[in-house]
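Got a sequence here, can you build the structure:
(one chain, ligands or ions: 1)
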Amino acid sequence: MSQSFDVCIRGAGIVGRTLALLLAQLRLRVGLVQAPQALATAQDVRAYAINAASRAVLESVRCWPAGAAVTPVQRMRVFGDAGGEVNFAAEQADKEALTWIVDVPALEAALANALQFAPSVTVLDSPQPAALTVVCEGKNSITRAEFGVEFDSTPYGQTAVAARLECAFAHQQQAFQWFSGGDILGLLPLSDAQGGNSVALVWSVSDERSQHLCKLEPEDFVKELQSACLLQGEPALGAMTLRSERVRWPLVEALARRWTGQIGFGNPAQTWALAGDAAHAVHPLAGQGLNLGLADVAELSQVLGSRATTDYWRSVGDLRLLRRYERARRAALAPVGAVMDGLQRLFALDEPTVQSLRNLGMKGFERSGPVKNWVTRQAMGT
Ligand SMILES: Cc1cc2nc3c(=O)[nH]c(=O)nc-3n(C[C@H](O)[C@H](O)[C@H](O)COP(=O)(O)OP(=O)(O)OC[C@H]3O[C@@H](n4cnc5c(N)ncnc54)[C@H](O)[C@@H]3O)c2cc1C
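Have a look, this model is predicted:
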(Lines give C-alpha, C1' and ligand atoms only; values in the text may rest on other atoms or scores of the structure.)
Protein backbone atom coordinates (compact mmCIF):
# COMPACT_ATOMS: atom_id res chain seq x y z
CA MET A 1 0.00 0.00 0.00
CA SER A 2 1.39 3.42 -0.84
CA GLN A 3 1.94 5.61 2.20
CA SER A 4 1.49 9.33 1.90
CA PHE A 5 2.84 9.97 5.40
CA ASP A 6 6.16 9.05 6.99
CA VAL A 7 4.66 9.40 10.45
CA CYS A 8 1.06 9.36 11.62
CA ILE A 9 0.65 10.88 15.11
CA ARG A 10 -2.55 9.88 16.85
CA GLY A 11 -3.61 12.49 19.42
CA ALA A 12 -3.17 16.25 19.08
CA GLY A 13 -2.56 17.13 22.73
CA ILE A 14 0.54 19.11 23.72
CA VAL A 15 2.80 16.09 23.27
CA GLY A 16 1.38 15.11 19.86
CA ARG A 17 1.47 18.64 18.49
CA THR A 18 5.01 19.24 19.70
CA LEU A 19 6.14 16.01 18.06
CA ALA A 20 4.47 17.01 14.78
CA LEU A 21 6.42 20.29 14.79
CA LEU A 22 9.71 18.58 15.68
CA LEU A 23 9.27 16.04 12.87
CA ALA A 24 8.33 18.78 10.41
CA GLN A 25 11.78 20.27 11.12
CA LEU A 26 13.24 16.92 9.99
CA ARG A 27 11.29 17.35 6.73
CA LEU A 28 9.14 14.31 7.41
CA ARG A 29 5.57 14.13 6.08
CA VAL A 30 3.36 14.02 9.15
CA GLY A 31 -0.34 13.22 9.60
CA LEU A 32 -1.70 14.46 12.95
CA VAL A 33 -4.96 12.83 13.99
CA GLN A 34 -7.22 15.06 16.05
CA ALA A 35 -9.63 13.66 18.61
CA PRO A 36 -13.15 12.88 17.49
CA GLN A 37 -15.40 15.69 18.69
CA ALA A 38 -16.68 13.59 21.60
CA LEU A 39 -13.19 13.39 23.12
CA ALA A 40 -12.32 17.06 22.66
CA THR A 41 -12.15 18.77 26.05
CA ALA A 42 -13.29 22.20 27.22
CA GLN A 43 -10.85 25.04 28.00
CA ASP A 44 -8.32 23.81 30.56
CA VAL A 45 -8.22 25.61 33.94
CA ARG A 46 -4.78 24.19 34.70
CA ALA A 47 -1.37 25.81 34.48
CA TYR A 48 1.66 23.57 34.09
CA ALA A 49 5.06 23.78 35.75
CA ILE A 50 7.39 23.50 32.76
CA ASN A 51 11.07 22.84 33.39
CA ALA A 52 14.11 24.18 31.53
CA ALA A 53 14.47 21.10 29.30
CA SER A 54 10.83 21.35 28.19
CA ARG A 55 11.15 25.08 27.69
CA ALA A 56 14.07 24.43 25.30
CA VAL A 57 11.95 21.92 23.34
CA LEU A 58 9.04 24.37 23.06
CA GLU A 59 11.37 27.20 22.10
CA SER A 60 12.91 25.03 19.39
CA VAL A 61 9.47 24.83 17.73
CA ARG A 62 8.79 28.52 18.47
CA CYS A 63 5.91 27.76 20.82
CA TRP A 64 7.09 29.22 24.11
CA PRO A 65 4.07 31.39 25.04
CA ALA A 66 4.64 35.10 25.43
CA GLY A 67 4.05 37.62 28.22
CA ALA A 68 1.59 36.95 31.03
CA ALA A 69 1.02 33.33 29.93
CA VAL A 70 4.35 32.44 31.57
CA THR A 71 5.31 33.08 35.21
CA PRO A 72 8.84 32.29 36.38
CA VAL A 73 9.00 30.64 39.82
CA GLN A 74 11.66 32.16 42.04
CA ARG A 75 10.95 30.16 45.15
CA MET A 76 9.17 26.95 46.02
CA ARG A 77 8.04 26.28 49.60
CA VAL A 78 6.99 22.74 50.57
CA PHE A 79 5.36 22.08 53.96
CA GLY A 80 5.01 18.71 55.69
CA ASP A 81 2.25 17.78 58.13
CA ALA A 82 4.25 18.21 61.36
CA GLY A 83 6.57 21.18 60.97
CA GLY A 84 8.71 19.86 58.11
CA GLU A 85 9.59 22.46 55.48
CA VAL A 86 11.77 22.45 52.39
CA ASN A 87 12.61 25.58 50.39
CA PHE A 88 14.01 25.80 46.91
CA ALA A 89 15.24 29.09 45.47
CA ALA A 90 16.27 29.95 41.92
CA GLU A 91 18.97 32.22 43.29
CA GLN A 92 20.55 29.36 45.25
CA ALA A 93 20.50 27.18 42.15
CA ASP A 94 22.05 30.11 40.26
CA LYS A 95 19.23 30.03 37.71
CA GLU A 96 16.83 32.58 36.26
CA ALA A 97 13.87 30.51 37.56
CA LEU A 98 13.23 27.15 39.24
CA THR A 99 10.50 26.41 36.73
CA TRP A 100 7.93 28.33 34.70
CA ILE A 101 4.17 28.19 35.26
CA VAL A 102 2.53 28.16 31.85
CA ASP A 103 -1.12 28.82 31.10
CA VAL A 104 -2.35 25.64 29.38
CA PRO A 105 -4.79 27.25 26.88
CA ALA A 106 -2.05 29.70 25.83
CA LEU A 107 0.40 26.87 25.21
CA GLU A 108 -2.19 24.90 23.24
CA ALA A 109 -2.98 27.99 21.16
CA ALA A 110 0.73 28.61 20.43
CA LEU A 111 1.09 25.03 19.17
CA ALA A 112 -2.11 25.20 17.08
CA ASN A 113 -0.91 28.44 15.54
CA ALA A 114 2.55 27.06 14.71
CA LEU A 115 0.98 24.03 13.02
CA GLN A 116 -0.71 26.34 10.52
CA PHE A 117 2.77 27.28 9.29
CA ALA A 118 4.03 23.69 9.02
CA PRO A 119 3.10 22.62 5.46
CA SER A 120 4.43 19.09 5.91
CA VAL A 121 1.93 18.46 8.74
CA THR A 122 -1.62 17.53 7.72
CA VAL A 123 -4.31 17.54 10.38
CA LEU A 124 -6.52 14.46 9.96
CA ASP A 125 -9.85 13.25 11.32
CA SER A 126 -8.90 9.59 11.14
CA PRO A 127 -5.65 7.58 11.14
CA GLN A 128 -3.82 7.01 7.84
CA PRO A 129 -1.18 4.41 6.95
CA ALA A 130 2.39 5.52 7.63
CA ALA A 131 5.78 3.91 8.12
CA LEU A 132 5.55 4.90 11.80
CA THR A 133 2.50 5.54 13.96
CA VAL A 134 3.14 7.44 17.20
CA VAL A 135 0.41 7.17 19.80
CA CYS A 136 -0.01 10.38 21.83
CA GLU A 137 -3.61 9.84 22.89
CA GLY A 138 -3.09 10.27 26.62
CA LYS A 139 -3.58 7.74 29.36
CA ASN A 140 -6.92 6.36 28.09
CA SER A 141 -5.54 5.67 24.60
CA ILE A 142 -7.74 3.42 22.48
CA THR A 143 -5.03 2.76 19.89
CA ARG A 144 -2.64 1.45 22.57
CA ALA A 145 -5.31 -1.08 23.49
CA GLU A 146 -5.89 -1.91 19.79
CA PHE A 147 -2.16 -2.67 19.45
CA GLY A 148 -2.54 -5.12 22.35
CA VAL A 149 -0.23 -3.22 24.70
CA GLU A 150 -0.80 -3.84 28.39
CA PHE A 151 -0.94 -0.70 30.50
CA ASP A 152 -0.24 -1.36 34.18
CA SER A 153 -2.37 1.24 35.86
CA THR A 154 -2.85 1.70 39.63
CA PRO A 155 -5.31 4.35 40.85
CA TYR A 156 -3.88 6.48 43.66
CA GLY A 157 -7.38 6.65 45.18
CA GLN A 158 -6.97 10.40 44.77
CA THR A 159 -8.52 12.98 42.48
CA ALA A 160 -6.95 16.36 41.75
CA VAL A 161 -9.23 19.38 41.99
CA ALA A 162 -7.93 22.14 39.70
CA ALA A 163 -9.12 25.76 39.71
CA ARG A 164 -7.91 29.34 39.45
CA LEU A 165 -8.13 31.81 42.33
CA GLU A 166 -7.37 35.42 43.11
CA CYS A 167 -5.67 36.16 46.43
CA ALA A 168 -5.42 39.19 48.70
CA PHE A 169 -1.61 38.97 48.87
CA ALA A 170 0.78 38.89 45.91
CA HIS A 171 2.48 35.52 45.46
CA GLN A 172 5.84 37.13 44.63
CA GLN A 173 6.55 34.36 42.14
CA GLN A 174 6.51 31.73 44.85
CA ALA A 175 4.93 28.29 44.45
CA PHE A 176 3.56 26.57 47.56
CA GLN A 177 2.81 22.96 48.41
CA TRP A 178 1.30 21.42 51.54
CA PHE A 179 1.27 17.71 52.41
CA SER A 180 -1.38 16.99 55.01
CA GLY A 181 -3.16 13.76 56.02
CA GLY A 182 -2.55 12.30 52.56
CA ASP A 183 -3.84 15.41 50.77
CA ILE A 184 -1.43 17.39 48.60
CA LEU A 185 -2.24 21.01 47.89
CA GLY A 186 -0.30 23.08 45.39
CA LEU A 187 -0.64 26.79 44.58
CA LEU A 188 1.16 27.87 41.41
CA PRO A 189 1.78 31.58 40.77
CA LEU A 190 0.20 33.19 37.69
CA SER A 191 0.89 36.57 36.14
CA ASP A 192 -2.10 38.91 36.03
CA ALA A 193 -3.08 42.53 35.65
CA GLN A 194 -2.99 43.02 39.45
CA GLY A 195 0.72 42.22 39.48
CA GLY A 196 0.68 38.63 40.68
CA ASN A 197 -2.30 37.83 42.87
CA SER A 198 -3.64 34.89 40.88
CA VAL A 199 -2.82 31.24 41.43
CA ALA A 200 -3.60 27.89 39.85
CA LEU A 201 -4.70 25.32 42.40
CA VAL A 202 -4.00 21.58 42.22
CA TRP A 203 -5.47 19.88 45.28
CA SER A 204 -5.08 16.10 45.37
CA VAL A 205 -7.56 14.56 47.80
CA SER A 206 -9.53 11.34 48.21
CA ASP A 207 -12.08 10.73 45.47
CA GLU A 208 -14.99 11.35 47.91
CA ARG A 209 -13.48 14.56 49.23
CA SER A 210 -12.95 15.85 45.69
CA GLN A 211 -16.67 15.40 45.01
CA HIS A 212 -17.52 17.18 48.25
CA LEU A 213 -15.15 20.08 47.44
CA CYS A 214 -16.64 20.55 43.98
CA LYS A 215 -20.20 20.58 45.27
CA LEU A 216 -19.55 23.27 47.90
CA GLU A 217 -20.68 26.84 47.32
CA PRO A 218 -17.68 28.92 46.13
CA GLU A 219 -17.38 30.77 49.49
CA ASP A 220 -17.42 27.49 51.46
CA PHE A 221 -14.89 25.93 49.10
CA VAL A 222 -12.59 28.89 49.57
CA LYS A 223 -12.97 28.66 53.37
CA GLU A 224 -11.84 25.00 53.31
CA LEU A 225 -9.02 25.87 50.97
CA GLN A 226 -7.77 28.78 53.09
CA SER A 227 -7.71 26.58 56.18
CA ALA A 228 -5.58 24.04 54.32
CA CYS A 229 -2.87 26.43 53.07
CA LEU A 230 -1.59 28.03 56.24
CA LEU A 231 1.64 29.85 56.82
CA GLN A 232 2.36 30.58 60.51
CA GLY A 233 -1.29 29.93 61.30
CA GLU A 234 -2.74 32.32 58.67
CA PRO A 235 -3.84 31.68 55.05
CA ALA A 236 -0.56 31.96 53.10
CA LEU A 237 -1.93 34.32 50.47
CA GLY A 238 -4.74 35.92 52.50
CA ALA A 239 -8.40 35.89 51.48
CA MET A 240 -9.10 34.07 48.22
CA THR A 241 -11.79 34.33 45.53
CA LEU A 242 -12.63 31.52 43.15
CA ARG A 243 -12.13 32.68 39.55
CA SER A 244 -12.88 29.54 37.53
CA GLU A 245 -14.91 26.38 37.59
CA ARG A 246 -13.51 23.47 39.64
CA VAL A 247 -12.40 20.52 37.52
CA ARG A 248 -11.65 17.02 38.84
CA TRP A 249 -8.87 14.77 37.49
CA PRO A 250 -8.73 11.16 38.77
CA LEU A 251 -5.08 10.23 39.37
CA VAL A 252 -3.33 7.01 38.40
CA GLU A 253 0.21 5.75 38.27
CA ALA A 254 0.64 3.89 34.99
CA LEU A 255 3.23 2.45 32.66
CA ALA A 256 2.89 0.69 29.31
CA ARG A 257 4.68 -2.68 29.17
CA ARG A 258 5.90 -2.04 25.59
CA TRP A 259 6.55 1.36 24.03
CA THR A 260 7.36 0.26 20.47
CA GLY A 261 6.40 -2.54 18.09
CA GLN A 262 5.35 -3.60 14.63
CA ILE A 263 1.86 -3.59 13.11
CA GLY A 264 1.27 -6.97 11.42
CA PHE A 265 3.76 -8.23 8.82
CA GLY A 266 2.86 -5.96 5.88
CA ASN A 267 5.31 -4.75 3.25
CA PRO A 268 6.46 -2.06 3.70
CA ALA A 269 6.56 -2.71 7.45
CA GLN A 270 4.63 -0.36 9.73
CA THR A 271 5.74 0.24 13.27
CA TRP A 272 4.42 2.14 16.27
CA ALA A 273 5.70 3.95 19.34
CA LEU A 274 4.01 5.44 22.40
CA ALA A 275 4.79 8.87 23.85
CA GLY A 276 3.52 11.08 26.68
CA ASP A 277 0.70 9.94 28.94
CA ALA A 278 -0.11 7.13 26.50
CA ALA A 279 3.17 5.55 27.70
CA HIS A 280 3.23 6.63 31.36
CA ALA A 281 1.27 8.58 33.96
CA VAL A 282 2.67 10.00 37.21
CA HIS A 283 1.17 11.88 40.16
CA PRO A 284 1.03 15.66 39.48
CA LEU A 285 2.62 16.42 42.88
CA ALA A 286 5.90 17.52 41.31
CA GLY A 287 4.47 18.72 37.98
CA GLN A 288 6.48 16.27 35.87
CA GLY A 289 3.93 14.50 33.60
CA LEU A 290 4.10 16.81 30.62
CA ASN A 291 7.81 17.41 31.14
CA LEU A 292 8.31 13.66 30.73
CA GLY A 293 6.11 13.62 27.62
CA LEU A 294 8.05 16.47 26.03
CA ALA A 295 11.31 14.69 26.84
CA ASP A 296 9.87 11.60 25.08
CA VAL A 297 9.17 13.45 21.85
CA ALA A 298 12.48 15.32 21.98
CA GLU A 299 14.25 11.96 22.26
CA LEU A 300 12.14 10.36 19.51
CA SER A 301 12.81 13.20 17.11
CA GLN A 302 16.52 13.09 17.95
CA VAL A 303 16.63 9.35 17.27
CA LEU A 304 14.75 9.77 13.96
CA GLY A 305 16.95 12.74 13.11
CA SER A 306 20.04 10.53 13.44
CA ARG A 307 19.04 9.11 10.02
CA ALA A 308 20.40 12.29 8.49
CA THR A 309 23.91 11.46 9.70
CA THR A 310 24.89 8.15 11.30
CA ASP A 311 21.84 5.94 10.55
CA TYR A 312 21.08 7.12 7.01
CA TRP A 313 20.22 3.62 5.71
CA ARG A 314 17.44 3.08 8.24
CA SER A 315 13.80 3.87 7.47
CA VAL A 316 11.76 6.15 9.70
CA GLY A 317 9.91 3.14 11.10
CA ASP A 318 13.06 1.09 11.79
CA LEU A 319 12.47 -0.92 14.96
CA ARG A 320 16.08 -0.66 16.05
CA LEU A 321 15.83 3.11 16.09
CA LEU A 322 12.56 2.92 18.00
CA ARG A 323 14.03 0.56 20.57
CA ARG A 324 16.85 3.04 21.11
CA TYR A 325 14.15 5.61 21.91
CA GLU A 326 12.34 3.20 24.23
CA ARG A 327 15.49 2.27 26.17
CA ALA A 328 16.54 5.89 26.67
CA ARG A 329 13.13 7.04 27.86
CA ARG A 330 12.44 4.08 30.15
CA ALA A 331 15.77 4.65 31.87
CA ALA A 332 15.03 8.36 32.38
CA LEU A 333 11.48 7.73 33.60
CA ALA A 334 12.23 5.06 36.22
CA PRO A 335 13.66 7.33 38.98
CA VAL A 336 11.06 10.07 38.45
CA GLY A 337 8.14 7.61 38.62
CA ALA A 338 9.58 5.97 41.74
CA VAL A 339 10.06 9.31 43.56
CA MET A 340 6.52 10.57 42.71
CA ASP A 341 4.98 7.30 43.79
CA GLY A 342 7.11 7.03 46.95
CA LEU A 343 6.36 10.59 48.08
CA GLN A 344 2.62 10.20 47.54
CA ARG A 345 2.55 6.94 49.50
CA LEU A 346 4.82 8.24 52.26
CA PHE A 347 2.51 11.17 52.97
CA ALA A 348 -0.62 8.99 52.69
CA LEU A 349 0.43 6.95 55.78
CA ASP A 350 -1.12 8.36 58.93
CA GLU A 351 0.83 6.54 61.68
CA PRO A 352 2.35 9.10 64.12
CA THR A 353 5.84 7.53 63.91
CA VAL A 354 5.84 7.76 60.11
CA GLN A 355 4.54 11.32 60.35
CA SER A 356 7.37 12.48 62.60
CA LEU A 357 9.96 10.56 60.58
CA ARG A 358 8.90 12.10 57.27
CA ASN A 359 8.93 15.61 58.74
CA LEU A 360 12.34 14.94 60.26
CA GLY A 361 13.36 13.71 56.81
CA MET A 362 12.19 16.98 55.27
CA LYS A 363 14.24 18.96 57.77
CA GLY A 364 17.27 16.77 57.08
CA PHE A 365 16.75 17.18 53.34
CA GLU A 366 16.50 20.96 53.76
CA ARG A 367 20.00 20.92 55.30
CA SER A 368 21.42 18.28 52.97
CA GLY A 369 23.30 20.63 50.59
CA PRO A 370 24.53 18.49 47.67
CA VAL A 371 21.57 16.04 47.79
CA LYS A 372 19.10 18.91 47.74
CA ASN A 373 20.99 20.59 44.91
CA TRP A 374 20.95 17.36 42.89
CA VAL A 375 17.19 16.90 43.39
CA THR A 376 16.61 20.55 42.45
CA ARG A 377 18.56 20.13 39.22
CA GLN A 378 16.66 16.94 38.32
CA ALA A 379 13.27 18.62 38.85
CA MET A 380 14.41 21.65 36.87
CA GLY A 381 15.44 19.44 33.96
CA THR A 382 18.92 20.98 33.88
C1 LIG B 1 -4.24 18.24 37.78
C2 LIG B 1 -3.01 17.99 36.94
C3 LIG B 1 -1.96 18.89 36.96
C4 LIG B 1 -0.83 18.65 36.18
N5 LIG B 1 0.21 19.53 36.25
C6 LIG B 1 1.33 19.29 35.53
C7 LIG B 1 2.45 20.17 35.61
O8 LIG B 1 2.43 21.16 36.35
N9 LIG B 1 3.53 19.91 34.84
C10 LIG B 1 3.60 18.81 34.03
O11 LIG B 1 4.63 18.58 33.38
N12 LIG B 1 2.55 17.96 33.94
C13 LIG B 1 1.43 18.17 34.66
N14 LIG B 1 0.37 17.31 34.55
C15 LIG B 1 0.45 16.16 33.62
C16 LIG B 1 -0.02 16.57 32.22
O17 LIG B 1 -1.35 17.02 32.25
C18 LIG B 1 0.05 15.38 31.27
O19 LIG B 1 1.25 14.67 31.47
C20 LIG B 1 -0.01 15.86 29.82
O21 LIG B 1 -1.23 16.51 29.58
C22 LIG B 1 0.11 14.68 28.87
O23 LIG B 1 -0.02 15.17 27.55
P24 LIG B 1 -0.38 14.16 26.36
O25 LIG B 1 -0.42 15.01 25.14
O26 LIG B 1 0.51 12.98 26.41
O27 LIG B 1 -1.84 13.61 26.72
P28 LIG B 1 -3.22 14.38 26.79
O29 LIG B 1 -3.03 15.74 27.36
O30 LIG B 1 -4.16 13.46 27.47
O31 LIG B 1 -3.62 14.56 25.26
C32 LIG B 1 -4.05 13.48 24.48
C33 LIG B 1 -4.79 14.00 23.26
O34 LIG B 1 -5.18 12.91 22.42
C35 LIG B 1 -6.55 13.03 22.11
N36 LIG B 1 -7.09 11.68 21.84
C37 LIG B 1 -7.46 10.74 22.73
N38 LIG B 1 -7.91 9.66 22.10
C39 LIG B 1 -7.83 9.90 20.77
C40 LIG B 1 -8.13 9.15 19.60
N41 LIG B 1 -8.61 7.92 19.67
N42 LIG B 1 -7.88 9.72 18.40
C43 LIG B 1 -7.36 10.95 18.30
N44 LIG B 1 -7.07 11.72 19.39
C45 LIG B 1 -7.28 11.20 20.60
C46 LIG B 1 -7.16 13.74 23.31
O47 LIG B 1 -8.38 14.37 23.00
C48 LIG B 1 -6.07 14.76 23.63
O49 LIG B 1 -6.17 15.90 22.80
C50 LIG B 1 -0.76 17.51 35.35
C51 LIG B 1 -1.83 16.60 35.32
C52 LIG B 1 -2.94 16.84 36.11
C53 LIG B 1 -4.06 15.83 36.08
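
so residue 31 sits in a strand?
Yes: counting by DSSP: H, G, I helix; E, B strand; the rest coil, residue 31 is part of a strand.

isn't it right up against residue 130?
Yes: with contact defined as C-beta atoms under 8 Å, residue 31 counts as touching residue 130 (6.3 Å). Heads up, the C-betas are built off the backbone N, CA and C, glycines and all.

Now do the shared contacts for those two.
Jointly contacting residue 31 and residue 130 under the rule C-beta atoms under 8 Å, 6 or more residues apart in numbering are 5, 7, 8.

Kindly indicate the member of those residues with the most neighbours.
In terms of neighbours by other C-beta atoms under 10 Å, the shared contacts of residue 31 and residue 130 top out with residue 7 at 27 neighbours.

Return the residues in contact with that residue.
23, 28, 29, 30, 31, 130, 131, 132, 133, 134, 316.

what secondary structure does it sit in?
strand.

which regions of the stretch 1-150 of the chain sit below the pLDDT cut-off?
Along the stretch 1-150 of the chain, segments meeting pLDDT under 70 span 1-3, 37-41, 82.

any idea where the helices of it begin and end?
Ranges of helices in the stretch 1-150 of the chain, per DSSP state H, counting those that start in this stretch, are 14-25, 52-60, 104-115, 142-146.

Check the stretch 251-382 of the chain too.
Under DSSP H, counting those that start in this stretch, the stretch 251-382 of the chain gives helices at 289-305, 319-348, 352-366, 370-380.

What residues sit buried inside stretch 166-183?
Buried residues in stretch 166-183, counting neighbours by 16 or more other C-beta atoms under 10 Å, are found at 166-167, 170-171, 173-180, 182-183.

repeat for stretch 296-307
Buried-residue list, stretch 296-307, by 16+ other C-beta under 10 Å: 296, 297, 298, 299, 300, 301, 303, 304, 307.

Export these as CSV, with columns for distance to residue 220.
Shown next, in CSV, are the buried residues of stretch 296-307 (distance: C-beta to C-beta, whole Å):
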residue, distance to residue 220
296, 41
297, 42
298, 44
299, 46
300, 46
301, 48
303, 51
304, 52
307, 58
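
residues contacting residue 229?
Residue 229 sits next to 176, 178, 185, 187, 235, 236, 237 when contact means C-beta under 8 Å, 6+ apart.

residues in the stretch 51-200 of the chain within reach of the ligand, list them.
Within the stretch 51-200 of the chain, the residues that sit near the ligand (C-beta under 6 Å from any ligand atom) are 136, 137, 138, 142, 160, 162.

does the last one count as helix, strand or coil?
By that I understand residue 162. Three-state assignment for residue 162 (three-state DSSP): strand.

so it bridges to which residues?
Counting by DSSP bridges, residue 162 is bridged to residue 202, residue 247.

My guess is it contacts residue 202. True?
Yes: if you go by C-beta under 8 Å, residue 162 and residue 202 touch, sitting 5.5 Å apart.

shared neighbours, those two?
Counting by C-beta under 8 Å, 6+ apart, the residues touching both residue 162 and residue 202 are residue 46.

Okay, strands next: where are they in the stretch 101-250 of the chain?
For the stretch 101-250 of the chain, the strands defined by DSSP state E, counting those that start in this stretch occupy 121-124, 130-135, 151-167, 174-180, 183-190, 198-206, 230-231, 234-235, 240-242, 247-256.

Fine by me, we can end here.
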